[in-house]
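S.K.: please find the sequence and the predicted model below.
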Amino acid sequence: MTQINTGFGFSVKAPIRVGIVGTGFAAKLRAEMLQTDARAQLVTASGHTPDKTAAFCETFGAEAAVSWRKLVERDDLDLVIVCTVNRDHGAIVLAALENDKHVVVEYPLSLDVSEGERAIELAAQKQKLLHIEHIELLGGLHQAIKASVPLIGKVFYTRYVTITAQRSVPQRWTYQHSLFGFPLIGAISRLHRFTDLFGEVTSVNCQTQFWDTQPDFYKACLCNAQLRFANGVFTEAVYGKGDTFWQSENVFTIYGEEGTLVFTPESGQLIQGENRQTIEVGTRRGLFAKDTDMVLDYLLNGTPLYVNNASSLYVLKVADAARRSSETRQNVELSNS
């Protein structure tokens with residue numbers, strides 16, 4: 001093994017020994033990337049059930065862990081990747097850091113702001129990497145939006161609508177209040193696009209509707225959040241999913257004093273009067289692999305990552321403000337001191 005000292009103040013040995021918590025879609029994409037990279041070794045994994053864990057580990061040549069708690073306690077791991085239900089993110093991150101592991105966690109960092117703050121503070125104390133994945137910032141759509149915003153002058157209004165129509169919604173964790181969390185926390189990437197583009201939020205107002213089937217399950221939800229930014233931009237995020245909807249929609253619209261931008265995941269358009277210009281949007285494919293590659297590059301070479309913990313924590317606070325607004329039916333002011 002080669003030991004490398006990074007500028008962050010810790011030393012890492014290659015190959016980096018990895019444990020994954022989770023066996024779903026994101027976990028599989030991470031594991032596939034790790035299998036092909038000599039800088040890392042997937043050692044162990046833990047899932048929700050023994051059968052899922054065994055199947056995942058057989059596929060990727062890893063050792064099955066009986067639980068995530070046992071996984072984070074192992075001495076033969078350098079890095080823990082958390083790809084499980086949103087409810088458990090914060091607890092697993094804290095436990096992994098307490099056991100002196102570097103950590104990658106899918107968004108959101110936590111469903112609770114104070115827990116997220118503790119995790120970031122602990123990572124700094126332990127001098128360990130805590131990387132909160134926000135691949136929406138890496139994708140072709142967001143990069144095209146950022147590059148195009150200067151073309152329309154001063155922005156004053158933005159609307160982002162993501163509605164997913166789904167028939168016969170299964171009882172899965174993404175439709176479960178306790179596991180997914182408040183919709184705009186569980187789907188925090190919708191708000192992170194805004195804060196990355198426009199900066200500090202001064203106020204949030206949010207309305208939410210659920211079509212519940214059982215006390216902890218719903219078949220559809222709809223969130224509409226209005227954000228006012230310190231620079232004067234007014235934004236609106238509409239997030240919906242489930243079988244109440246009959247038509248899916250994914251459109252990001254930005255209104256500026258010198259033009260309008262309209263984006264879908266496949267393409268964009270610049271509209272200035274009668275002039276309409278097509279804007280190319282790069283692919284979304286391979287983003288989990290790219291994120292994993294960047295983490296390894298950071299740990300071994302100190303190459304900067306694309307997102308920092310301060311911005312991740314900030315958007316979590318904005319999303320939590322949306323939750324509080326929805327529950328109280330009042331406007332929530334944010335302090336940015």
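M.R.: Structure's in. What do you need? Residues are numbered from 1 along each chain as shown.
S.K.: what strand or helix carries the closest residue to residue 37 other than its chain neighbours?
M.R.: Distances taken as Cβ to Cβ, 6 or more residues apart in numbering put residue 296 closest to residue 37, at 6.6 Å, once the chain neighbours are dropped. Bear in mind the C-beta positions are built from the backbone N, C-alpha and C, glycine included. Element membership for residue 296, per DSSP states H and E: helix 287-301.
S.K.: mind listing what's buried in the next helix or strand along the chain from that helix?
M.R.: Remark: after helix 287-301, the chain's next helix or strand is helix 309-328, criterion DSSP H and E. Going by neighbour count (16 or more other Cβ atoms under 10 Å), the buried part of helix 309-328 is 309, 312-323, 325-326.
S.K.: which strands or helices does the helix or strand just after helix 309-328 pack on?
M.R.: Downstream of helix 309-328, the first helix or strand assigned by DSSP H and E is strand 332-333. Applying 3 or more Cβ pairs under 8 Å, 6 or more residues apart in numbering; DSSP states H and E, one finds that strand 332-333 makes contact with strand 201-214, helix 309-328.
S.K.: reformat the ones you listed as JSON lines; add distance to residue 88 and mean pLDDT.
M.R.: Rendered in JSON lines, the data for the helices and strands packed on strand 332-333 read as follows (distance: least, Cβ to Cβ, whole Å; pLDDT from 0 to 100):
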{"stretch": "strand 201-214", "distance to residue 88": "21", "mean pLDDT": "96"}
{"stretch": "helix 309-328", "distance to residue 88": "16", "mean pLDDT": "98"}
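S.K.: of all these, which one is nearest residue 77?
M.R.: Closest of the helices and strands packed on strand 332-333 to residue 77 is helix 309-328, at 21.2 Å (criterion: Cβ to Cβ).
S.K.: in CSV, list the helices and strands packed on strand 332-333 along with distance to residue 303.
M.R.: Listed next are the helices and strands packed on strand 332-333 as CSV, based on distance: least, Cβ to Cβ, whole Å:
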stretch, distance to residue 303
strand 201-214, 30
helix 309-328, 17
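S.K.: these: which one's closest to residue 168?
M.R.: strand 201-214 (11.7 Å).
S.K.: quick revisit: what about the residue nearest to residue 37, neighbour count?
M.R.: Using other Cβ atoms under 10 Å, the number of residues around residue 296 comes to 21.
S.K.: likewise for residue 234?
M.R.: For residue 234, the count of nearby residues is 16 (other Cβ under 10 Å).
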